[in-house]
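> Need a 3D model of the sequence below.
(chains A and B)
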Amino acid sequence: MSERVFLDRGARRTVELRTAPDGSIEAVVDGRAQRLRVEPGADGSLRLDGHVAWLTVAGRRTFVTLDGRDHVFEIATARQAGAADHGHASGEVAMPMPGLVLLVAVKQGDAVKRGQPLVVVEAMKMEHTLRAPRDGVVARVAATAGEKADAGRVLVEIGEAE
Amino acid sequence: MFHRVLIANRGEIACRVTATLRTHGIRSIAVYSDADAGALHVRRADEAVRLGPAEARLSYLNIDAILAATRASRAEAIHPGYGFLAESAAFAEAVECAGLVFIGPTPEQARRFGDKRLAREAARQAGVPVVPGFEGADDAALLAAAQKLGYPVVVKAALGGGGKGMTVAGDAGELGEALTSARRVAQAAFGEGSVYLEKRVEHPRHVEVQIVGDGRGEVVHFFERECSLQRRHQKVLEETPSPGASDAVRAAMCEAAVSLARSVQYRGAGTVEFLLAPDDRFYFLEVNTRLQVEHPVTERTTGADLVWWQLVAAAERRLVATQSEIQRTGHAVEVRVYAEDPAQEFLPQAGRLARVAWPKGEHVRVDAGVETGSEVPLHYDPILAKIIVDGPDRATAWQRLAAALDETIVHGVVTNVDFLRALARDPELAAGRFDTTTLEAGFIERYRDVATAPAPDLALVGAALAEARGTSAGSARRVPDPFDTLGTWGRA
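So this is what the prediction gives:
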């Protein structure tokens, strides 16, 4: 079976699955192999080696609830899936909801670290800090403090580091 | 009693009010914006009227549209829910001028408690302790007052409340800037830039008392609620009784709340909020002149239906029962489920809920505004539901809360459920050791470290199984897939 590539909060994770002759499943996650039993639950859940998992594919995202934790994985695009390990996360930082740009903390050419604040926006009467999804260099800044922006508009683009 | 009531709200609170109307055979009329045409609260009500476009200003905040909807649907009264116009004196007044009944306080009471300076004055006159502070317009006087009160002081918007437009100043140097910024925020948010000063109470608990008045001077209380677990002054988890209030403090607080409400002949349901300091002194904070999000913990422990109490106070100017008939037993705790990403600074989320499963059981109550397939619009407060759990004692209620949250599955939009599970399982919080600063003084940061750590391999295996299933089913270029043998799992 082919390898599947997910983005786990921006980080690239790979999974390969195959069925073993005894009906168990062999999974290789990021190169780590394990064998597990998978059984359907009566309630729409799935049991992975006895752990109850709730799994939902919603558009490009897959929601997983397992052992009392929620996880959301993005299904990687072909480009992201093919990307080398260092440049995995999408570099686009977009307006999460309609609102106001309060502050732009970076300019084109700035080197940024993952998690570094890029833009502060106000929406739903609250301030939100948008952070760099990964290390890189600011390739483009398309936001000005004080302007209104619609949801989805790309404000900053992070490119590869030199 | 009314025959037809219009609910000027949306989401879970509109569903909650509809439930009581149905119980008592009163016809419920929902309103909706274009973003909510297919929403659960619209389908739950007996009738529904469109207000306008998605933008709240043109729909749920549009007084003319709501009055027109009320007339068109021949409703006699309007229940405002919470948020939107619930605490607007102008709305209460417009409703009364239109010859309709506002299910809430009089416009005069809404106005008095809406202006926090007037509210503090009312509390002082009723003999209720207020946070030491100063109400004045002049910067020099404010500066002198702050010096006398001792730093840090809090600059608050006169028309604010719920933490909106609040700025802390640590010294005289910071005060000037705090005044300017608080006035600017207040002007933008409330159309009035007046501010006042309060001394900051260190490490307080937030404890509040539920009251209902008949509008003629009779007022009863329904004991207290503890709401100290907050983030940016937004409550996250509420419970009753308060683990931080002794019996003596609780009794004094309830008495203070009733005296204040009696002094203005309060009408309808309200909440008197207090800060409880570590030395057991308590101070009046504000009055919320509406039903609170957290009212169900009071209902689960007293058996009262507070929406029914509101209806009776509004329609008949009387109370459903006397003070001695209101007894509290056991413990109840509530969490608020929001469409927000706790690992990304609680950024509100929107989208379609692909799967919603709520916990069940006789000790669990869920007030939900959404179900599988619901759209969560970006335009409004992102609350999806409240989960309320009760037990004979606090420890049992908290254990049941953790179990209930494990049964709570909301997929399709990122929610704070994962964060709520971490709250319910935290030994310090479960032991009742917290104040209003606890969540922001480390808990949230620690949570973020856990939430942003790489997911366990098994979760990725699950994701791959789901995706294999999702993409193979009905697909033209279907490849033979071993997971077909796994039956119908995963169908939301």
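
> Tell me who's in contact with residue 132.
Picking chain A for this. By Cβ atoms under 8 Å, 6 or more residues apart in numbering or on different chains, residue A:132 lies in contact with A:93, A:112-116, A:118, A:158. Where you see a C-beta, it was placed from the backbone N, CA and C, and this is true even at glycine.

> actually chain B
Contacts of residue B:132 (Cβ under 8 Å, 6+ apart): B:149, B:198-199.

> Just give me the closest of the residues you listed to chain A.
residue B:198 (21.5 Å; Cβ to the nearest Cβ).

> Now for the closest residue in space to that closest one that isn't next to it in sequence, how many residues are close by?
Nearest non-adjacent residue to residue B:198, counting by Cβ to Cβ, 6 or more residues apart in numbering or on different chains: residue B:133, 3.9 Å away. If you count neighbours by other Cβ atoms under 10 Å in any protein chain shown, residue B:133 ends up with 19.

> before we move on, what about residue A:68?
If we define neighbours as other Cβ under 10 Å, then residue A:68 has 15 of them.

> And it, how close does it get to residue A:142?
Noted for residue A:68: a distance of 40 Å to residue A:142, by Cβ to Cβ, to the nearest Å.

> Next: residue A:29.
36 Å.

> Look at the two and report which has more neighbours.
Ranked by neighbour count (other Cβ under 10 Å), residue A:29 and residue A:142 place residue A:29 first, with 22 against 14.

> Any figure for the gap between that one and chain B?
Per Cβ to the nearest Cβ, to the nearest Å, residue A:29 is found 4 Å from chain B.

> for the residue nearest to that residue when sequence neighbours are not counted, what are its contacts?
For residue A:29, ignoring the flanking residues on the chain, the nearest one in space by Cβ to Cβ, 6+ apart is residue B:457 at 4.0 Å. The contact partners of residue B:457, by Cβ under 8 Å, 6+ apart, come to A:27, A:29-30, A:32, A:34.

> can you tell me which of those are in helices?
In helices, judged by DSSP state H, none of those are found.

> how about the helices in the stretch 301-450 of chain B?
For the stretch 301-450 of chain B, applying DSSP state H, counting those that start in this stretch gives helices covering B:306-316, B:394-406, B:417-425, B:427-430, B:444-451.

> quick one: which of the ones you listed is nearest residue A:63?
helix B:417-425 (10.7 Å; Cβ to Cβ).

> how far off helix B:394-406 does the closest one point, in degrees?
Between helix B:417-425 and helix B:394-406, the angle comes out at 160 degrees (axes from the mean of the first three to the mean of the last three Cα atoms, to 10 degrees).

> Show me what helix B:417-425 is packed up against.
Secondary-structure packing of helix B:417-425 (3 or more Cβ pairs under 8 Å, 6 or more residues apart in numbering or on different chains; DSSP states H and E): strand A:69-75, strand B:234-240, strand B:331-338, helix B:394-406, helix B:444-451.

> cutoff 6 Å now
helix B:394-406 (3 or more Cβ pairs under 6 Å, 6 or more residues apart in numbering or on different chains; DSSP states H and E).

> Can you pull the phi/psi pair for residue B:205?
When read as degrees, to the nearest 10, the backbone of residue B:205 gives phi -100, psi 150.

> what's downstream of the least confident helix or strand in chain A by mean pLDDT, the next helix or strand?
Scoring the helices and strands of chain A by mean pLDDT, DSSP states H and E places helix A:78-82 at the bottom, with a mean of 68. Moving toward the C-terminus from helix A:78-82, the next helix or strand (DSSP states H and E) is strand A:92-94.

> Check whether the very next helix or strand once past that following strand comes into contact with chain B.
With elements assigned by DSSP H and E, the helix or strand that comes after strand A:92-94 is strand A:99-104. No: using Cβ under 6 Å from any Cβ of the partner chain, strand A:99-104 stays clear of chain B, coming no nearer than 9.4 Å.

> Quick one: name the residues of chain B near chain A.
Residues of chain B lying near chain A (Cβ under 6 Å from any Cβ): B:345, B:347-348, B:354-355, B:378, B:406, B:409, B:411-412, B:414, B:418, B:421, B:452, B:455, B:457-464, B:466-467, B:470, B:482, B:486-487, B:489-490, B:492.

> Selecting buried members of those in PyMOL, what would you type?
Of those, the buried ones go into a single PyMOL selection, burial set by 16 or more other Cβ atoms under 10 Å in any protein chain shown:
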select buried, chain B and resi 345+347+348+354+355+378+406+409+411+412+414+418+421+455+457+458+459+460+461+462+463+464+466+467+470+482+486+489+490+492
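
> And for residue B:110, the neighbour number?
If we define neighbours as other Cβ under 10 Å, then residue B:110 has 25 of them.

> Now intersect the contacts of residue B:457 with the strands, please.
Using DSSP state E, the members of the contacts of residue B:457 that fall in strands are A:27, A:29, A:32, A:34.

> Please produce TSV containing the residues you listed, extended by pLDDT and distance to residue A:58.
Shown next, in TSV, are the ones in strands among the contacts of residue B:457 (pLDDT from 0 to 100; distance: Cβ to Cβ, whole Å):
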residue	pLDDT	distance to residue A:58
A:27	94	22
A:29	95	22
A:32	94	27
A:34	93	26
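
> Now flag whichever of the residues you listed is closest to residue A:14.
residue A:29 (7.2 Å).

> Could you pull up the residues touching the most centrally placed residue in chain B?
Closest residue to the average C-alpha location of chain B: residue B:293 at 3.3 Å, with Cα atoms, centre = their mean. By Cβ atoms under 6 Å, 6 or more residues apart in numbering or on different chains, the contact set of residue B:293 is residue B:82.

> circling back to that earlier point, so which of the contacts of residue A:132 comes closest to chain B?
residue A:115 (8.7 Å).

> and that closest one, how far is that from residue B:291?
40 Å.

> quick one, which of those two is more surrounded?
Looking at residue A:115 and residue B:291 with other Cβ under 10 Å, you find the greater number of neighbours at residue B:291, namely 26 against 11.

> wait, what's in contact with that one?
B:82, B:269.

> same thing but at 8 Å, please
Residues in contact with residue B:291 (Cβ under 8 Å, 6+ apart) are B:13, B:81-82, B:86, B:269, B:306-307, B:310.

> circling back to that earlier point, so is the residue nearest to the centre of chain B in a helix, a strand, or just coil?
coil (DSSP: H, G, I helix; E, B strand; the rest coil).

> Now it, what are its backbone angles?
phi -50, psi -40.

> And for residue B:177?
With angles defined as degrees, to the nearest 10, residue B:177 sits at phi -70, psi -40.

> and the residue nearest to it when sequence neighbours are not counted, how many neighbours does it have?
Nearest residue to residue B:177 in three dimensions, chain neighbours excluded: residue B:169, at 7.7 Å (Cβ to Cβ, 6+ apart). By other Cβ under 10 Å, the residues close to residue B:169 number 22.

> If I look at residue B:169, what pLDDT would I see?
As predicted, residue B:169 sits at a pLDDT of 94.
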